[in-house]
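Enquirer: Coordinates for the following, if possible.
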Amino acid sequence: MEPQTQPAAIRIFVDADACPVKAEVYRVAERYGLKVFVVANSYMNMPRSDMIERVIVNDGPDAADHWIAERAGPSDIVITADIPLAGHCVRKGATVIGPTGKPFTDDSIGMALATRDLLTDLRSAGATTRGPPPLSRQDISRFLSALDLAVVRLQRKL
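Expert: Residues are numbered from 1 along each chain as shown. You can find the predicted model right below:
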């Protein structure tokens, strides 16, 4: 008789240094009983919970991104605005959501990377570009809906 294997648990990885929706992630994770890894380059306050783990990485460039990218897989959700990290995680089969609720997919990641590279080139040529606008209530609502939908879809798969 073969041993039963447990289905992979859904985990949420948060690229936390500049993440404006951490409180929303904690609420959704608590509702579903999901483990959250809050990955940052420095200490940050967060709720005390056995289901929320603080991961402080060294100050090296993209250290938090590398930590997340090494661990994320098909049963995981990654919350990030970092497009290269999103691309890496999408290629590994993870569900990736930006803080505005916009999902990163195989179809959208190429355009997002191209836009990011274009803006980087414009800035290096001296052009002034604006950063992202502040998060609106609609963005937060869209994020909550996208995260909830991602959890439900992954639960159905597992």
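
Enquirer: moving C-terminal of the one helix or strand in the chain whose mean pLDDT sits lowest, what's the next helix or strand?
Expert: Using mean pLDDT, DSSP states H and E, helix 106-124 stands out as the lowest-scoring helix or strand of the chain, at a mean of 65. Later in the chain than helix 106-124, the nearest helix or strand by DSSP states H and E is helix 137-157.

Enquirer: Show me which residues of that next one are buried.
Expert: For helix 137-157, burial by neighbour count (16 or more other CB atoms under 10 Å) applies to 139-140, 142-144, 146-147, 150-151, 154. All C-beta atoms are positioned from the backbone trio N, CA, C, and that covers glycine.

Enquirer: Distance to Leu34 for these - can I get that in JSON lines?
Expert: As requested, the buried residues of helix 137-157 are arranged in JSON lines below (distance: CB to CB, whole Å):
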{"residue": "Asp139", "distance to Leu34": "22"}
{"residue": "Ile140", "distance to Leu34": "19"}
{"residue": "Arg142", "distance to Leu34": "20"}
{"residue": "Phe143", "distance to Leu34": "16"}
{"residue": "Leu144", "distance to Leu34": "14"}
{"residue": "Ala146", "distance to Leu34": "15"}
{"residue": "Leu147", "distance to Leu34": "10"}
{"residue": "Ala150", "distance to Leu34": "11"}
{"residue": "Val151", "distance to Leu34": "7"}
{"residue": "Leu154", "distance to Leu34": "9"}
